[in-house]
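*Asks:* What would the 3D arrangement of this be:
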Amino acid sequence: MLSTALTACGGGGGSDESTDTEGPIQTALEAPSITEVQVEATASSISWVHTSLSAVSAYRVYSAVEAITDQENYSVFDGAQLSMNSTSPFLLETPRQAEIYHIYVTAIADDMESEFSGRALSVPRYQAVNEGEWVRDLVTNLEWRRCFIGMEYDAEVESCVGSPTRLYFDEAKNAANALGARIPDVWEMLGLNFCDTGSRAWFAGNQNPGSVENADCESTDPKDDPELSLEVAGHYPAVFPNVPTDAGYWTRTFCYDFSGDNRDRYLINFGDSATCGSPSSALWLYLRPVRDI
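*Replies:* The predicted structure follows:
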(Lines give C-alpha, C1' and ligand atoms only; values in the text may rest on other atoms or scores of the structure.)
Protein backbone atom coordinates (compact mmCIF):
# COMPACT_ATOMS: atom_id res chain seq x y z
CA MET A 1 0.00 0.00 0.00
CA LEU A 2 1.31 3.46 -0.80
CA SER A 3 0.02 5.02 2.41
CA THR A 4 2.37 4.89 5.39
CA ALA A 5 2.39 6.07 9.03
CA LEU A 6 5.75 7.49 10.08
CA THR A 7 6.83 7.76 13.74
CA ALA A 8 9.86 9.74 14.84
CA CYS A 9 11.31 8.51 18.14
CA GLY A 10 13.45 10.67 20.42
CA GLY A 11 16.25 9.52 22.76
CA GLY A 12 15.78 8.34 26.39
CA GLY A 13 15.63 10.59 29.48
CA GLY A 14 13.05 12.07 31.69
CA SER A 15 10.50 13.15 29.11
CA ASP A 16 9.12 11.44 26.02
CA GLU A 17 10.35 13.41 23.05
CA SER A 18 8.58 11.21 20.48
CA THR A 19 6.22 12.89 18.04
CA ASP A 20 3.64 11.09 15.90
CA THR A 21 2.43 12.45 12.61
CA GLU A 22 -1.15 13.61 12.57
CA GLY A 23 -2.21 10.85 10.21
CA PRO A 24 -1.14 8.68 7.28
CA ILE A 25 0.96 10.34 4.62
CA GLN A 26 -0.30 9.49 1.13
CA THR A 27 2.25 9.24 -1.61
CA ALA A 28 1.48 9.16 -5.31
CA LEU A 29 0.14 5.88 -6.64
CA GLU A 30 2.44 4.52 -9.30
CA ALA A 31 1.02 4.38 -12.82
CA PRO A 32 0.77 1.11 -14.76
CA SER A 33 3.01 0.39 -17.76
CA ILE A 34 1.39 -0.50 -21.08
CA THR A 35 3.27 -3.48 -22.51
CA GLU A 36 1.48 -4.33 -25.75
CA VAL A 37 -1.12 -3.07 -28.19
CA GLN A 38 -2.46 -5.63 -30.64
CA VAL A 39 -4.40 -3.91 -33.39
CA GLU A 40 -7.34 -5.32 -35.31
CA ALA A 41 -9.56 -3.55 -37.83
CA THR A 42 -12.15 -2.24 -35.35
CA ALA A 43 -10.62 -3.02 -31.94
CA SER A 44 -7.28 -3.14 -30.15
CA SER A 45 -6.17 -5.36 -27.29
CA ILE A 46 -4.31 -3.37 -24.63
CA SER A 47 -2.08 -5.12 -22.06
CA TRP A 48 -0.34 -3.57 -19.06
CA VAL A 49 1.53 -4.43 -15.88
CA HIS A 50 1.80 -2.84 -12.44
CA THR A 51 4.59 -3.25 -9.91
CA SER A 52 2.26 -3.24 -6.86
CA LEU A 53 -0.61 -5.53 -7.77
CA SER A 54 -1.76 -5.99 -4.16
CA ALA A 55 -2.23 -2.24 -3.75
CA VAL A 56 -4.46 -1.81 -6.79
CA SER A 57 -8.21 -2.31 -6.66
CA ALA A 58 -9.04 -1.39 -10.28
CA TYR A 59 -7.71 0.07 -13.52
CA ARG A 60 -9.15 2.65 -15.87
CA VAL A 61 -8.49 2.94 -19.60
CA TYR A 62 -8.69 6.37 -21.22
CA SER A 63 -8.56 6.94 -24.97
CA ALA A 64 -9.18 9.62 -27.57
CA VAL A 65 -8.29 10.31 -31.19
CA GLU A 66 -5.95 13.07 -30.09
CA ALA A 67 -3.37 13.24 -27.32
CA ILE A 68 -4.99 13.77 -23.91
CA THR A 69 -3.01 16.50 -22.20
CA ASP A 70 -5.36 17.09 -19.25
CA GLN A 71 -6.22 13.91 -17.34
CA GLU A 72 -8.89 15.52 -15.17
CA ASN A 73 -10.70 17.02 -18.16
CA TYR A 74 -10.17 14.09 -20.54
CA SER A 75 -13.75 14.29 -21.85
CA VAL A 76 -13.11 17.48 -23.82
CA PHE A 77 -10.76 15.66 -26.23
CA ASP A 78 -12.02 14.32 -29.55
CA GLY A 79 -13.46 10.83 -29.33
CA ALA A 80 -12.74 10.55 -25.60
CA GLN A 81 -13.63 7.25 -23.93
CA LEU A 82 -13.22 6.02 -20.34
CA SER A 83 -13.59 2.42 -19.23
CA MET A 84 -13.89 1.88 -15.49
CA ASN A 85 -12.85 -1.30 -13.64
CA SER A 86 -10.83 -2.61 -16.59
CA THR A 87 -8.57 -5.65 -16.58
CA SER A 88 -5.58 -6.53 -18.73
CA PRO A 89 -5.81 -7.40 -21.56
CA PHE A 90 -8.54 -4.90 -22.38
CA LEU A 91 -10.37 -4.76 -25.71
CA LEU A 92 -10.73 -1.16 -26.89
CA GLU A 93 -13.23 -0.48 -29.66
CA THR A 94 -11.59 1.63 -32.41
CA PRO A 95 -14.34 2.23 -35.00
CA ARG A 96 -12.81 5.36 -36.56
CA GLN A 97 -10.49 3.50 -38.86
CA ALA A 98 -8.67 6.48 -40.32
CA GLU A 99 -7.79 7.89 -36.90
CA ILE A 100 -4.92 7.37 -34.47
CA TYR A 101 -6.07 6.35 -30.99
CA HIS A 102 -4.11 7.61 -27.97
CA ILE A 103 -4.41 5.23 -25.02
CA TYR A 104 -3.58 5.62 -21.32
CA VAL A 105 -4.14 3.43 -18.26
CA THR A 106 -4.42 4.48 -14.60
CA ALA A 107 -4.47 2.49 -11.36
CA ILE A 108 -7.00 2.89 -8.54
CA ALA A 109 -6.28 2.20 -4.85
CA ASP A 110 -8.90 3.20 -2.27
CA ASP A 111 -9.73 6.80 -3.18
CA MET A 112 -6.51 7.46 -5.10
CA GLU A 113 -5.98 7.37 -8.86
CA SER A 114 -2.54 7.32 -10.42
CA GLU A 115 -1.39 9.61 -13.18
CA PHE A 116 -1.55 8.36 -16.75
CA SER A 117 0.67 5.53 -17.85
CA GLY A 118 2.93 6.30 -20.77
CA ARG A 119 0.90 6.83 -23.92
CA ALA A 120 0.32 3.94 -26.32
CA LEU A 121 -0.99 4.32 -29.85
CA SER A 122 -3.35 2.25 -31.94
CA VAL A 123 -3.51 2.80 -35.70
CA PRO A 124 -6.42 0.60 -36.85
CA ARG A 125 -6.07 1.46 -40.51
CA TYR A 126 -3.08 -0.90 -40.85
CA GLN A 127 -3.46 -4.68 -40.92
CA ALA A 128 -0.60 -7.15 -41.37
CA VAL A 129 -1.13 -9.75 -44.11
CA ASN A 130 0.92 -12.56 -45.65
CA GLU A 131 2.48 -13.47 -42.27
CA GLY A 132 3.50 -9.87 -41.72
CA GLU A 133 5.39 -9.46 -44.98
CA TRP A 134 2.83 -6.95 -46.26
CA VAL A 135 0.69 -4.30 -44.58
CA ARG A 136 -2.82 -3.51 -45.81
CA ASP A 137 -4.03 0.08 -45.49
CA LEU A 138 -7.77 -0.27 -44.98
CA VAL A 139 -8.33 3.41 -45.75
CA THR A 140 -6.50 3.68 -49.08
CA ASN A 141 -6.96 0.04 -50.22
CA LEU A 142 -3.25 -0.35 -50.81
CA GLU A 143 -0.90 -3.07 -49.62
CA TRP A 144 2.68 -2.13 -48.81
CA ARG A 145 5.68 -4.38 -48.53
CA ARG A 146 6.61 -3.99 -44.89
CA CYS A 147 10.35 -3.89 -45.60
CA PHE A 148 12.39 -2.30 -48.34
CA ILE A 149 13.70 -4.51 -51.13
CA GLY A 150 16.72 -6.42 -49.82
CA MET A 151 15.27 -6.70 -46.30
CA GLU A 152 12.89 -9.33 -44.92
CA TYR A 153 10.38 -9.17 -42.08
CA ASP A 154 11.30 -11.30 -39.06
CA ALA A 155 8.16 -11.95 -37.00
CA GLU A 156 10.15 -13.13 -33.98
CA VAL A 157 11.90 -9.79 -33.53
CA GLU A 158 9.06 -7.82 -35.20
CA SER A 159 11.48 -5.94 -37.41
CA CYS A 160 12.99 -5.80 -40.87
CA VAL A 161 16.33 -7.56 -41.01
CA GLY A 162 19.10 -7.59 -43.57
CA SER A 163 20.40 -4.76 -45.72
CA PRO A 164 18.27 -2.72 -48.13
CA THR A 165 19.26 -2.89 -51.78
CA ARG A 166 19.88 0.24 -53.83
CA LEU A 167 18.37 0.06 -57.30
CA TYR A 168 18.29 2.07 -60.50
CA PHE A 169 14.76 2.96 -61.60
CA ASP A 170 14.43 0.14 -64.16
CA GLU A 171 15.76 -2.34 -61.59
CA ALA A 172 13.26 -1.05 -59.05
CA LYS A 173 10.44 -1.44 -61.55
CA ASN A 174 11.45 -5.04 -62.29
CA ALA A 175 11.79 -5.87 -58.58
CA ALA A 176 8.29 -4.54 -57.89
CA ASN A 177 6.83 -6.38 -60.89
CA ALA A 178 8.33 -9.65 -59.65
CA LEU A 179 6.26 -9.28 -56.48
CA GLY A 180 3.06 -8.44 -58.34
CA ALA A 181 3.47 -4.86 -57.17
CA ARG A 182 4.61 -1.47 -58.49
CA ILE A 183 6.62 1.60 -57.57
CA PRO A 184 4.46 3.98 -55.48
CA ASP A 185 3.72 7.52 -56.55
CA VAL A 186 4.96 10.38 -54.40
CA TRP A 187 1.61 11.02 -52.67
CA GLU A 188 1.18 7.36 -51.78
CA MET A 189 4.66 7.28 -50.32
CA LEU A 190 4.19 10.49 -48.35
CA GLY A 191 0.85 9.12 -47.15
CA LEU A 192 2.77 6.55 -45.07
CA ASN A 193 4.31 9.28 -43.00
CA PHE A 194 3.07 9.51 -39.48
CA CYS A 195 1.64 12.37 -37.50
CA ASP A 196 0.51 11.13 -34.11
CA THR A 197 -1.89 14.03 -33.52
CA GLY A 198 -4.25 12.44 -36.02
CA SER A 199 -3.90 15.31 -38.47
CA ARG A 200 -2.43 14.83 -41.91
CA ALA A 201 1.26 14.09 -41.72
CA TRP A 202 2.48 17.25 -43.39
CA PHE A 203 4.85 19.30 -41.29
CA ALA A 204 6.07 22.85 -41.46
CA GLY A 205 9.70 23.20 -42.47
CA ASN A 206 10.89 23.98 -38.94
CA GLN A 207 9.70 20.65 -37.49
CA ASN A 208 11.92 17.68 -36.76
CA PRO A 209 10.86 15.06 -39.33
CA GLY A 210 12.13 12.24 -37.12
CA SER A 211 9.74 13.10 -34.28
CA VAL A 212 6.25 11.71 -33.74
CA GLU A 213 5.50 14.15 -30.93
CA ASN A 214 4.90 17.32 -32.95
CA ALA A 215 1.55 18.91 -32.19
CA ASP A 216 1.22 21.29 -35.13
CA CYS A 217 0.93 19.14 -38.21
CA GLU A 218 -0.17 21.06 -41.24
CA SER A 219 -3.88 20.89 -42.06
CA THR A 220 -3.37 21.49 -45.77
CA ASP A 221 -2.29 18.77 -48.13
CA PRO A 222 0.84 19.96 -50.02
CA LYS A 223 -0.64 18.48 -53.16
CA ASP A 224 -3.25 21.26 -52.97
CA ASP A 225 -0.81 23.96 -51.90
CA PRO A 226 2.47 23.94 -53.86
CA GLU A 227 3.93 26.66 -51.64
CA LEU A 228 3.74 24.43 -48.56
CA SER A 229 6.76 22.50 -47.37
CA LEU A 230 6.70 18.75 -48.03
CA GLU A 231 8.58 17.86 -44.86
CA VAL A 232 6.79 15.17 -42.88
CA ALA A 233 7.12 13.09 -39.73
CA GLY A 234 8.44 9.73 -40.83
CA HIS A 235 7.07 6.20 -41.16
CA TYR A 236 5.08 4.78 -38.26
CA PRO A 237 7.73 2.55 -36.62
CA ALA A 238 5.36 -0.05 -35.17
CA VAL A 239 4.13 -0.88 -38.68
CA PHE A 240 7.19 -0.07 -40.82
CA PRO A 241 10.26 -0.82 -38.68
CA ASN A 242 13.95 -0.26 -39.30
CA VAL A 243 13.59 2.30 -42.09
CA PRO A 244 16.95 3.01 -43.76
CA THR A 245 18.06 6.64 -43.69
CA ASP A 246 21.25 6.60 -45.74
CA ALA A 247 19.61 7.08 -49.15
CA GLY A 248 16.37 8.21 -50.74
CA TYR A 249 13.40 6.07 -51.81
CA TRP A 250 11.91 5.69 -55.26
CA THR A 251 8.57 7.08 -56.44
CA ARG A 252 7.23 6.92 -60.00
CA THR A 253 5.98 10.53 -60.04
CA PHE A 254 7.55 12.90 -62.54
CA CYS A 255 8.80 16.32 -61.49
CA TYR A 256 6.61 18.69 -63.44
CA ASP A 257 8.65 21.83 -62.95
CA PHE A 258 12.32 21.02 -62.70
CA SER A 259 14.35 22.74 -65.39
CA GLY A 260 11.62 21.76 -67.84
CA ASP A 261 12.75 18.12 -67.76
CA ASN A 262 9.91 15.71 -67.04
CA ARG A 263 12.28 12.73 -67.10
CA ASP A 264 13.31 13.49 -63.52
CA ARG A 265 11.28 11.96 -60.75
CA TYR A 266 10.41 12.77 -57.18
CA LEU A 267 12.28 10.84 -54.56
CA ILE A 268 11.74 10.67 -50.83
CA ASN A 269 14.79 11.93 -48.96
CA PHE A 270 15.40 9.90 -45.79
CA GLY A 271 11.66 9.38 -45.39
CA ASP A 272 11.00 13.00 -44.49
CA SER A 273 10.59 15.08 -47.64
CA ALA A 274 9.92 14.87 -51.36
CA THR A 275 12.53 16.37 -53.65
CA CYS A 276 13.24 16.14 -57.34
CA GLY A 277 16.06 13.81 -58.32
CA SER A 278 18.08 14.79 -61.36
CA PRO A 279 18.76 12.99 -63.54
CA SER A 280 16.59 10.12 -62.30
CA SER A 281 18.29 7.66 -64.63
CA ALA A 282 21.50 8.05 -62.60
CA LEU A 283 19.93 7.65 -59.15
CA TRP A 284 20.49 4.55 -57.05
CA LEU A 285 17.74 4.39 -54.41
CA TYR A 286 15.74 2.13 -52.10
CA LEU A 287 12.27 0.79 -52.89
CA ARG A 288 9.15 -0.06 -50.87
CA PRO A 289 6.79 -1.72 -53.36
CA VAL A 290 3.02 -1.22 -53.21
CA ARG A 291 0.12 -3.09 -54.74
CA ASP A 292 -3.57 -2.32 -55.18
CA ILE A 293 -6.03 -4.52 -53.32
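*Asks:* need the next SSE after the helix or strand where Arg136 lies, C-terminal direction.
*Replies:* Assigned by DSSP states H and E, Arg136 falls within strand 134-137. As assigned by DSSP H and E, the chain's next helix or strand after strand 134-137 is strand 142-145.
*Asks:* on that earlier part again, partner strands of the strand holding Arg136 and their direction?
*Replies:* strand 126-129 (antiparallel), strand 142-145 (antiparallel) (DSSP bridges).
*Asks:* which residues are in contact with the first one?
*Replies:* In this structure, residues lying in contact with strand 126-129 by CB atoms under 8 Å, 6 or more residues apart in numbering are 39-41, 134-138, 143, 146, 236, 239. For glycine as for every other residue, the C-beta is placed from the backbone atoms N, C-alpha and C.
*Asks:* How about the last one?
*Replies:* Contacts with strand 142-145, where a contact means CB under 8 Å, 6+ apart, come from 129, 133-137, 179, 181, 184, 188, 192, 240, 288-293.
*Asks:* Can you list the buried residues in the helix or strand that it is followed by?
*Replies:* Remark: after strand 142-145, the chain's next helix or strand is strand 151-154, criterion DSSP H and E. If you call a residue buried by 16 or more other CB atoms under 10 Å, then strand 151-154 has these buried ones: 151, 153.
*Asks:* so for the helix or strand immediately after strand 151-154 in the chain, what's the average pLDDT?
*Replies:* Next along the chain after strand 151-154, taking DSSP H and E as the criterion, comes strand 159-162. Strand 159-162 carries an average pLDDT of 94.
*Asks:* How about stretch 275-292?
*Replies:* The model assigns stretch 275-292 a mean pLDDT of 83.
*Asks:* How far off centre is the strand holding Arg136?
*Replies:* Strand 134-137 has its C-alpha centroid displaced from the chain centroid by 15 Å (CA atoms, centre = their mean, to the nearest Å).
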